[in-house]
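In: Sequence and predicted model, in that order:
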Number of protein chains: 2
Amino acid sequence: MEFSAYFPVWEKLTPPQQQTLLESAALRAVPKGTVVHNGSADCIGFLLVCSGQLRVYILSDEGREVTLYRLFPRDLCLLSASCILRGLQYDVTIEAEKDTQFWQIPAQRYKELMEISAPVANYTNEVMAGRFSDVMWLIEQILWKSFDKRLAAFLLEESALEGSTTLKTTHETIGHHLGSPREVVTRMLRYFQEEGLVRLSRGTVELLDTARLQALGEE
Amino acid sequence: MEFSAYFPVWEKLTPPQQQTLLESAALRAVPKGTVVHNGSADCIGFLLVCSGQLRVYILSDEGREVTLYRLFPRDLCLLSASCILRGLQYDVTIEAEKDTQFWQIPAQRYKELMEISAPVANYTNEVMAGRFSDVMWLIEQILWKSFDKRLAAFLLEESALEGSTTLKTTHETIGHHLGSPREVVTRMLRYFQEEGLVRLSRGTVELLDTARLQALGEE
C-alpha cells in the first residue's frame, strides 16, 4: 500500500512536491457504516481510496437519500473538499459502505499543489469530469427512465458489485439508493417476482433471470 | 471586445501562450435560435461567450428537453469540448437563446495549453466545478421540489433575467425548461392565476405577486 501507486500523476511531481504530499497524507481506516463527511459541516480534504468502498449521496430535508456515485480503490473524492474548490458548493454525505482505508490529504495542501502543478490540476479536472458524467447519468435516469427500468438496472449493478446474484439488502435500502419510498420498491419487486425475474425472502433479493432484467434495464 | 478581457487567467500566460491562444480563437456570431452544438455528433471546442446567451440542455429520445444551465458573457462552455475532457462523456445540446457572439477555441489547442499551464487547468477546474454545482442543484429541484415550487422559482428567474414581470413565453417552452409536459404547466399556471399570482394571455405570463411567488419558490 504505497501512496505513490495510488496517485496517478505521482511520477510527474518534483521530489519536493512528492515529499510534501507524502507528509500531509494521513492513512485512515474506518469501519463499515462510518459517516466520513457530512454536508457542509466539515471540509476534511481530498480522500484517496486505498481499499473498501465509499458511497456519496445527497439527503433531503425529510431524510430521503439518493446515491450519486460510489468510490473504489484508487478513486479520488473531491466533494469532501468542496470548501476549497471555488464554485463547487454542494452538500453531500459520504459513508463507508465497507470497511475502508483511505488517505486524507488536507484541502489547503492539495490546493497549493494543484496551483503550481499542471499535472495535478489536470488529474483533478479529469476526476471531476468523471463525477460530473456520473451525475448527468443520474439525471437521465431520474428524468427519462421509468421506475421498473431503474430498479432492474440497479439490481444488476449491485449483483455485479457483489459478485453474486443473491443480494442481501432491504427494500428500504434500495429505496434510499433510488430516491423512492420503500412501498414503491416493494410493489415493483413483487411485480418482478410474479414475472419470474427475482425471488424475494427476508432481507434478500435473488436474481433469477438476469438476461430479462438486462433487457428491461436497457429498454 | 478584447479576448484578453474575457479570459480570466490571461495575465498568467506567457507571451507565446497568449499568442497561440489568440491565433486559435475564432470569433463567431450566431443569430438567436442557432443550435451551436448537438450531442456527441461534433466537438467544436471550448466556447467563451462574448455577448448574448447560450442555453445548455439535454434531450430525451422522445424529444423532451431539460435545461441544465445558461451561459452569459465571460462564461466558458466546456461541454462543447467533451471529446477531449477524458471522463466527461455526455451529450448535450447548446442553443443560442439570444443573438450571441463567442470565441471558439479548438479543443486540442486548449487541451495542450491546459496541460502545460497550471493557471489554465485550475481555471478550467473552477468552471467545471461551477457547472457541476448547477447540475446538482437541478437534481435537487427534480427530486425534492414539487412542481408548483419549481414553476414559481422558474418564473422569478426568467423575470429577473428579462428585467420584466411580463414574460413572452409559451407553456410548451416552460415545459421544456422544467422537463414537464405542456399540460402540466398549463394546469399549474391556471392554478397560479386563480390564486392571483399571475395573469395569463396568449403568449405571455404576467407576474402579479412576486412576493408570494418568492415565498412559494423558497418553501
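Out: Now that the structure is in, tell me what you want to look at.

In: Give me the nearest residue to A:Tyr191, chain neighbours excluded.
Out: In this structure, A:Tyr191 finds its nearest non-sequential neighbour in A:Asp148, 7.5 Å apart by Cβ to Cβ, 6 or more residues apart in numbering or on different chains. (C-beta placed from N, C-alpha, C; glycine too.)

In: A:Asp91 now?
Out: A:Gly39 (3.9 Å).

In: just to revisit the earlier point, the residue nearest to A:Tyr191 and A:Glu158, how far apart?
Out: For A:Asp148, the distance to A:Glu158 equals 16 Å [Cβ to Cβ, to the nearest Å].

In: returning to what we had before: so what's the residue count around the residue nearest to A:Asp91?
Out: 13 (other Cβ atoms under 10 Å in any protein chain shown).

In: ok, it to B:Met128 distance?
Out: From A:Gly39 across to B:Met128, the span is 22 Å (Cβ to Cβ).

In: now A:Leu13
Out: Applying Cβ to Cβ to A:Leu13 and B:Met128 gives a distance of 22 Å.

In: Same drill for the two, tell me which one is more crowded.
Out: B:Met128 (24 against 19).

In: what sits opposite the nearest residue to A:Ser80 once chain neighbours are set aside in the beta ladder?
Out: Leaving aside its chain neighbours, A:Ser80 sits nearest to A:His37 (4.3 Å; criterion: Cβ to Cβ, 6+ apart). Beta bridges link A:His37 to A:Ile94, judged by DSSP bridges.

In: State the pLDDT value of A:His37.
Out: We have a pLDDT of 88 for A:His37.

In: can you pull the contacts of it?
Out: A:44, A:79-80, A:92-94 (Cβ atoms under 8 Å, 6 or more residues apart in numbering or on different chains).

In: which residues does A:Ser159 contact?
Out: A:Ser159 sits next to A:165, A:167, A:207, A:210 when contact means Cβ under 8 Å, 6+ apart.

In: Can I take it that it is in a helix?
Out: Yes - counting by DSSP: H, G, I helix; E, B strand; the rest coil, A:Ser159 is found in a helix.

In: Pull out the buried positions in stretch A:99-117.
Out: Across stretch A:99-117, burial judged by 16 or more other Cβ atoms under 10 Å in any protein chain shown covers A:100-107, A:109-114, A:117.

In: so A:Asn125 makes contact with B:Glu126?
Out: No - using Cβ atoms under 8 Å, A:Asn125 is not in contact with B:Glu126; the gap is 10.0 Å.

In: what angle sits between the one helix or strand A:Met136 maps to and helix B:118-144?
Out: For A:Met136, the host element (DSSP states H and E) is helix A:118-144. Angle of helix A:118-144 versus helix B:118-144, following axes from the mean of the first three to the mean of the last three Cα atoms, to 10 degrees, is 20 degrees.
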